[in-house]
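> below is the structure, and that's it, no one-letter string:
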């Protein structure tokens, strides 16, 4: 028997006073009084469990925001784009000025019946990931099959930057051949520069190492000094970024209202997708959900055979402190670098080449400061005059008589 029923029995049936019953059962007299009043008003319903939800929730997400979350989910999914909680958070913040957590978005999507549980998926922590440190340090390439609306089979060839996931070249062909791969590589190099290395599978359009000799692409890579890397046979996970890109591309193509019937129509769609993917779609694998174009432009580009073994090159992620400064250790000595209080708490990337330093906003790719470290000074000033920022009025705290 529950304590509530024992209390009611003691007061109503046995006729004991509420104070005596409260002392006997170790509860407050107010609770006993409310319980008795509820029993006399509702009868047995007084013993049913009651919700502890507050009558008001001032911090709850507004109905307009919830409706916008659901609308974004449907719109993004309808376009064949990623529509997960993190992506929706990015769109809310950048396009609507609303900041909510991914957990909040996920909760409202679940309540709206827009989430399909998939417990068989592997957790993200189980994957071993690698990423090139610089743009053009490694290019991945692969091609995939695509069937046109009339039933004609085609193939789509892509070149992808490993560091930023930037789409360098995306073209449709009746059939991908060795000369086509070589021509597409040359076109990408002409526009973006020559990469330090490439990573592909072992298809004969990429390598002839299993049949003897070298194909056209291998000869060109050797001529340019580009390091060629090939994945383990029957192990496509090595080229995982290109494989995942193809999945995203096909999902987007399938969502288009007008399916292409010719190679030319398919190429128009590929050009549109390249623009959306590179510049408008936040990428879940990039810091701060940046776009590939932002990540590609944020750091200096690698090249074949670049880098002086005697130089000290490194990339460091940091955050500007509350006073607008960063710290950097060089030759065992700690230096302070002024950035400005305007950028306090901003996450940055520090690109360090010996004494030359570039400081970049990690979220936007904006260069906040470039300098050559002066080893003779502990503090590297910004060069701006001291005092309040331009445009602010200085008040006289000690006016004259």
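Received, thanks. Note that this is a predicted model, so its numbers are computed, not measured.
> when you work out contacts or count neighbours from here on, use the C-alpha atoms and nothing else.
Fine.
> I figured residue 150 hits residue 259, correct?
No - if you go by CA atoms under 8 Å, residue 150 and residue 259 don't touch, sitting 9.4 Å apart.
> who are the packing partners of the one helix or strand in the chain whose mean pLDDT sits lowest?
Taking all helices and strands of the chain together, the one with the lowest average confidence (mean pLDDT, DSSP states H and E) is strand 313-319, at a mean of 81. Counting contacts by 3 or more CA pairs under 8 Å, 6 or more residues apart in numbering; DSSP states H and E, strand 313-319 is packed against strand 347-353.
> run me through the strand neighbours of the strand it packs on, direction for each.
Next to strand 347-353 in the sheet, as set by DSSP bridges, lie strand 313-319 (antiparallel), strand 356-361 (antiparallel).
> more neighbours: residue 150 and residue 259, which one.
Applying other CA atoms under 10 Å to residue 150 and residue 259 shows that residue 259 carries more neighbours, namely 16 against 10.
> is it true that that one touches residue 149?
Yes - with contact defined as CA under 8 Å, residue 259 and residue 149 form a contacting pair (5.9 Å).
> any chance you could map the helices in this structure?
Residue ranges of the helices in the chain, as given by DSSP state H, are 3-8, 18-25, 29-42, 63-78, 85-96, 102-111, 178-192, 216-224, 240-254, 263-279, 292-298.
> mind putting those in TSV, mean pLDDT and mean neighbour count included?
As requested, the helices of the chain are exported to TSV (pLDDT from 0 to 100; neighbours: other CA atoms under 10 Å):
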stretch	mean pLDDT	mean neighbour count
helix 3-8	85	17
helix 18-25	89	15
helix 29-42	89	15
helix 63-78	90	15
helix 85-96	89	18
helix 102-111	90	16
helix 178-192	95	15
helix 216-224	92	16
helix 240-254	91	17
helix 263-279	95	17
helix 292-298	88	21
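> and of these, who's closest to residue 356?
Judged by CA to CA, the one of the helices of the chain that comes nearest to residue 356 is helix 292-298, at 16.0 Å.
> so what touches the closest one?
For helix 292-298, the external contacting residues (CA atoms under 8 Å, 6 or more residues apart in numbering) are 135, 163-167, 277-279, 282-283, 286, 360, 362, 364-366.
> among those, name the ones in strands.
By the criterion of DSSP state E, membership of the contacts of helix 292-298 in strands covers 167, 360.
> and stretch 197-205, which residues are buried?
Neighbour-count burial for stretch 197-205 flags 197, 198, 199, 200, 201, 202, 205 (criterion: 16 or more other CA atoms under 10 Å).
> and it, how far out from the chain's middle?
Computed by CA atoms, centre = their mean, to the nearest Å, the separation of stretch 197-205 from the middle of its chain amounts to 28 Å.
> which of the helices of the chain sits closest to residue 371?
Proximity of the helices of the chain to residue 371 was assessed by CA to CA; the nearest stretch is helix 292-298, lying at 16.4 Å.
> circling back: next, format the buried residues of stretch 197-205 as TSV and append distance to residue 9.
Below are the buried residues of stretch 197-205 laid out as TSV (distance: CA to CA, whole Å):
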residue	distance to residue 9
197	83
198	82
199	79
200	79
201	79
202	82
205	87
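> can I get those residues in JSON lines with pLDDT and distance to residue 216?
As requested, the buried residues of stretch 197-205 are arranged in JSON lines below (pLDDT from 0 to 100; distance: CA to CA, whole Å):
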{"residue": "197", "pLDDT": "94", "distance to residue 216": "16"}
{"residue": "198", "pLDDT": "94", "distance to residue 216": "14"}
{"residue": "199", "pLDDT": "93", "distance to residue 216": "16"}
{"residue": "200", "pLDDT": "93", "distance to residue 216": "15"}
{"residue": "201", "pLDDT": "90", "distance to residue 216": "16"}
{"residue": "202", "pLDDT": "88", "distance to residue 216": "14"}
{"residue": "205", "pLDDT": "92", "distance to residue 216": "9"}
